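Engineer: Sequence plus the predicted model coming up.
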Amino acid sequence: MSSVLTLSEIYIYPVKSLGGIRLTNAQMRSKGLEFDRRWMLIDGEGKFMTQRTTPELALFRLQLNQKYFNITFGGHSIQLTTESTSTSGTIKTKVWDDDVIVNEVSRVHSEWFSDMLKTQCKLVHFPEENTRPVESKFQVNNEHVSLADAFPFLIIGQASLDDLNSRLTTPLPINRFRPNFVITGGAPYEEDTWKSFKIGSNEFMGTKPCARCNIPTIDQDTIQRSAEPSKTLATYRKKNNKILFGQNAISLTTGEIKEGDHVSVLGYQ
């Protein structure tokens with residue numbers, strides 16, 4: 001395995017399942033990268049919305065401008081402050097099996113998203129102080145997660161994507177897999193084996209490979225679905241009836257992280 005490993009790309013997804021933002025540097029927080037999946041949409045029944053059932057979410061584009069996000073959809077746009085507060089009461093909802101407490105950002109935001117998607121929904125915020133523990137068997141120091149599916153971080157090796165693309169008729173971009181960190185160097189799927197590692201001065205623990213849903217089959221620019229990459233991944237990356245791609249992780253530190261940081265593996269699974 002290569003010892004020359006480098007953090008090449010950093011992404012956050014402020015609103016769960018909407019478009020991501022590539023950053024050159026980011027601040028680590030206990031629940032994940034700053035601003036990463038601290039907001040999400042819930043439908044008229046209070047259920048969280050994702051591209052799995054609403055692929056149109058991929059078409060929302062976000063830009064970070066210091067104190068706010070500019071969110072665009074087609075020719076329409078709205079701003080969302082990074083210091084999102086709410087005067088509304090709390091809302092109880094779920095992310096998979098986890099109960100979470102959120103707040104509606106504002107009626108204006110909820111109506112805008114409802115208009116864009118042509119369905120009733122609310123934009124809600126998950127305050128930093130709210131609790132959502134990582135599954136206990138993967139905790140080191142009682143770690144929590146934001147509104148991501150299960151873990152604060154997702155890591156993918158560029159070599160893993162390159163290997164997959166070498167098997168596909170049409171290569172796919174990394175945005176199909178929605179990682180937080182892309183690592184260059186090393187062997188394909190090497191990240192699966194990492195137990196303890198550092199990115200720059202930040203310490204991480206690998207938890208388990210990421211079981212993929214159908215979102216990677218959605219083109220993030222056209223929202224067209226296809227059989228790939230699931231069809232090909234299933235031929236060599238299937239275990240216990242789950243297709244695996246990328247490594248989930250938790251962080252033990254909360255410093256700054258930046259493109260070009262050296263990655264060092266301290267221990268293997």
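Structural biologist: That came in fine, so what should we check first? Numbering: from 1, shown residues only.
Engineer: Contacts for stretch 236-245 next, please.
Structural biologist: 156, 160, 164, 177, 189, 192, 209-212, 216, 229-230, 233-234 (Cβ atoms under 8 Å, 6 or more residues apart in numbering). Heads up, the C-betas are built off the backbone N, CA and C, glycines and all.
Engineer: Check stretch 61-77 too.
Structural biologist: Under Cβ under 8 Å, 6+ apart, the answer for stretch 61-77 is 14-15, 18-21, 23, 35, 59-60, 78-83, 112, 116.
Engineer: Tell me which of the residues you listed fall in helices.
Structural biologist: 112, 116 (DSSP state H).
Engineer: Now a ChimeraX select for only the buried ones of the contacts of stretch 61-77.
Structural biologist: If you want just the buried ones from the contacts of stretch 61-77 in ChimeraX, going by 16 or more other Cβ atoms under 10 Å, the selection is:
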select :14,15,18,19,20,21,23,35,59,60,78,80,112,116
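Engineer: Which among the contacts of stretch 236-245 count as buried?
Structural biologist: 156, 160, 164, 177, 189, 192, 209-212, 216, 229-230, 233.
Engineer: Helix, strand, or coil at Gly267?
Structural biologist: strand (DSSP: H, G, I helix; E, B strand; the rest coil).
Engineer: Against Thr6, how distant is it?
Structural biologist: 19 Å (Cβ to Cβ, to the nearest Å).
Engineer: what is Thr72 paired to in the beta sheet?
Structural biologist: Beta bridges link Thr72 to Arg61, Ser77 when assigned by DSSP bridges.
Engineer: Show me the strands in the stretch 101-250 of the chain, by range?
Structural biologist: For the stretch 101-250 of the chain, the strands defined by DSSP state E, counting those that start in this stretch occupy 121-125, 153-157, 181-184, 194-199, 202-211, 238-239, 242-251.
Engineer: nearest to Thr50, of those strands?
Structural biologist: Among those, the nearest to Thr50 by Cβ to Cβ is strand 121-125 (12.0 Å).
Engineer: what about the closest one, average pLDDT?
Structural biologist: Per-region confidence: strand 121-125 scores 97 on mean pLDDT.
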